[in-house]
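**Student:** The following comprises the amino acid sequence and a computationally predicted model.
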Amino acid sequence: MMLWETLAVCAAGVAAGAINAIVGSGSLITFPTLVAVGVEPVVANVSNTIGLVPGSFTGAYGYRRELAGQRARLIRMGVVSALGSVIGGILLLYLDPDVFQVVVPVLIGLACVLVVLQPKLNGWLSARREHAHPDGGALLLLGVFGSGIYGGYFGAAQGVLLIGLLGSFLSDGLQRVNAAKNVLALIVNGVAAVLFILIADVDWWAVLAVALGAIVGGFVGAKVGRRIPAPILRGVIVVVGVLAIIKLVYG
C-alpha cells in the first residue's frame, strides 16, 4: 500500500476500534476501506479480522469493571463462540470465493439494517429485561454459537447481534451486556485470526495498519465513545456500508 492508503486504513482502524467498543460494527469501516485501496475481498476480510483483534482486546479491557461477576457464564458462552468462529472461518476459506462476493453485500446490508434498528431493538430489550433468565439458558448459547459462525465468516455488526441476544436473555443492564459482548467478540475474532494466520493468505501491511488504529480506537471507544451522539455514529456506519455494497457489486 502507498503511504496515503496506509494512513487511510489506520484512520479506519481507529474508527473501527472505537465503534466496536461501543456498538460492534467496526468492520463496516475497515473492510470497505481495505477493498477501496485494492485488497482482494477475501484477503481483506481475513486481514481485517486479524488486525481488529488488538482493538477488541483494548475495548474489552476498558469495560473490565462491568465484567465483574460474569466469569462463569462468559466461559460457557466463550466456548460456543470459539466453536462457531472456527466453523465460520472454515466456511470463508473453503467455500468458492464467488460465494463470498455474493453473500457479503447481503451481510453488509443486513448489518446496516441492524445498526439502524438498534434504538428500537434496545427499547424492545428493555421491555423484556424483567423476564430475562439470569444466565441466558440453552437458547442463548445456541444464539451465541450462531453469532460465532457469522463472526468467523464476516464479523460486521457481530456486536449488534450479540447485544440483541444478550440483552434479550440476560437480566443485566446494557453496560454489562456491552462488556460481555466485547469479550465474546474478542474470542470470535481471536480464534478466527489464529485460524487465518495458520492457513489463509494474509496482507500483513493491512493487518498492521488496522491493528495500530484499532488499538487507539479501542481505548477511545471504551473511555469517551459514549459521548458520541448515537445517530451520527449510526449514520456514518450506514453510509460506509452502502458505499461498500456499491464497491463490491459494481467494482
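**Tutor:** That came through, no problem.

**Student:** what's next to stretch 86-100, contact-wise?
**Tutor:** 41-42, 45-46, 148-154, 188, 191-192, 195-196, 199-200 (Cβ atoms under 8 Å, 6 or more residues apart in numbering). C-betas here are computed from N, CA, C, even on glycine.

**Student:** okay, how far is it across that stretch, tip to tip?
**Tutor:** 17 Å (Cα to Cα, to the nearest Å).

**Student:** for the record, mean pLDDT for it?
**Tutor:** Averaged across stretch 86-100, pLDDT comes to 92.

**Student:** before we move on, the earlier item: please indicate which of the contacts of stretch 86-100 are buried?
**Tutor:** 41-42, 45-46, 148-154, 188, 191-192, 195-196, 200 (16 or more other Cβ atoms under 10 Å).

**Student:** Among the residues you listed, which are located in helices?
**Tutor:** Among the buried ones among the contacts of stretch 86-100, the members falling in helices (DSSP state H) are 41-42, 45-46, 148-153, 188, 191-192, 195-196.

**Student:** for those residues, which one is nearest residue 242?
**Tutor:** Nearest to residue 242, judged by Cβ to Cβ, of those is residue 41 at 16.5 Å.

**Student:** Tell me how far the nearest residue to that closest one once chain neighbours are set aside lies from residue 54.
**Tutor:** Distances taken as Cβ to Cβ, 6 or more residues apart in numbering put residue 35 closest to residue 41, at 5.8 Å, once the chain neighbours are dropped. Distance, residue 35 to residue 54, using Cβ to Cβ, to the nearest Å: 21 Å.

**Student:** More neighbours: those two, which one.
**Tutor:** residue 54 (25 against 21; other Cβ atoms under 10 Å).

**Student:** and that one, what is it in contact with?
**Tutor:** By Cβ under 8 Å, 6+ apart, the residues touching residue 54 are 211, 214-215, 218.

**Student:** Pipe those residues into CSV and attach pLDDT per row.
**Tutor:** Shown next, in CSV, are the contacts of residue 54 (pLDDT from 0 to 100):
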residue, pLDDT
211, 96
214, 93
215, 93
218, 86
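
**Student:** ok, and the most crowded of those?
**Tutor:** Ranking these using other Cβ under 10 Å puts residue 214 first, with 34 neighbours.

**Student:** Nearest spatial neighbour of that one, chain-adjacent residues omitted?
**Tutor:** Closest to residue 214 by Cβ to Cβ, 6+ apart is residue 55, at 2.6 Å.
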